[in-house]
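> what follows is a protein structure lacking sequence information:
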């Protein structure tokens with residue numbers, strides 16, 4: 001079964017959701033990616049990708065409890081679904097097979 005494709009940024013966000021397992025939310029994803037990529041990321045971009053992946057069935061979400069430190073707002077946590085994991089596996093296989101086709105190149 002061919003799954004919907006993942007763009008590069010979608011793949012990075014989905015990998016981060018999977019890595020953070022049940023603790024992934026917008027700001028934690030943003031901070032993790034900024035540290036890994038060493039560049040600033042707009043939180044809106046994260047939310048757009050999460051919504052798109054939710055619509056594709058790659059993630060599910062739940063709301064956390066209300067906290068005073070967030071002014072009564074709840075965090076929205078994300079977890080990867082089986083379909084999302086299959087999409088990541090598919091991407092990994094494609095990238096690995098292409099990478100393995102690179103001949104031994106010497107750079108002098």
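That came through, no problem. Since we're looking at a predicted model, the values are computed, not measured.

> now for the longest helix seen in the chain, which elements pack on it?
When the chain is parsed with DSSP state H, its longest helix is helix 82-99. Using 3 or more CB pairs under 8 Å, 6 or more residues apart in numbering; DSSP states H and E, the elements in contact with helix 82-99 are helix 8-20, helix 43-56. (Glycine included, C-beta is placed from N, CA and C.)

> can you tell me what sits against the longest one?
Applying CB atoms under 8 Å, 6 or more residues apart in numbering, the set of residues contacting helix 43-56 from outside is 4, 9-10, 13-14, 17, 26-27, 29-30, 33, 59-61, 78, 83-84, 87.

> before we move on, back to that, and among the helices and strands packed on helix 82-99, the most buried is which?
Of all the helices and strands packed on helix 82-99, helix 8-20 has the most neighbours on average by mean count of other CB atoms under 10 Å, namely a mean of 19.

> give the pairing partners of the helix or strand following it; include direction for each.
Counting by DSSP states H and E, the element after helix 8-20 in chain order, helix or strand, is strand 24-25. Applying DSSP bridges, strand 24-25 is found paired with strand 74-80 (antiparallel).

> what's the angle from the strand it pairs with to helix 82-99?
60 degrees (axes from the mean of the first three to the mean of the last three CA atoms, to 10 degrees).

> quick one: contacts of strand 74-80?
Contacts for strand 74-80 (CB under 8 Å, 6+ apart): 14, 17-18, 21-26, 29, 50, 54, 58-67, 88.

> and those, which are buried?
Listed as buried from those are 14, 17, 18, 24, 25, 26, 29, 50, 58, 59, 88; burial here means 16 or more other CB atoms under 10 Å.

> minimum distance to residue 98: which of the helices and strands packed on helix 82-99 has it?
Nearest to residue 98 among these is helix 8-20 (14.0 Å), distances taken as CB to CB.

> show me what the closest one is packed up against.
Contacts defined by 3+ CB pairs under 8 Å, 6+ apart place helix 8-20 against helix 26-37, helix 43-56, strand 74-80, helix 82-99.
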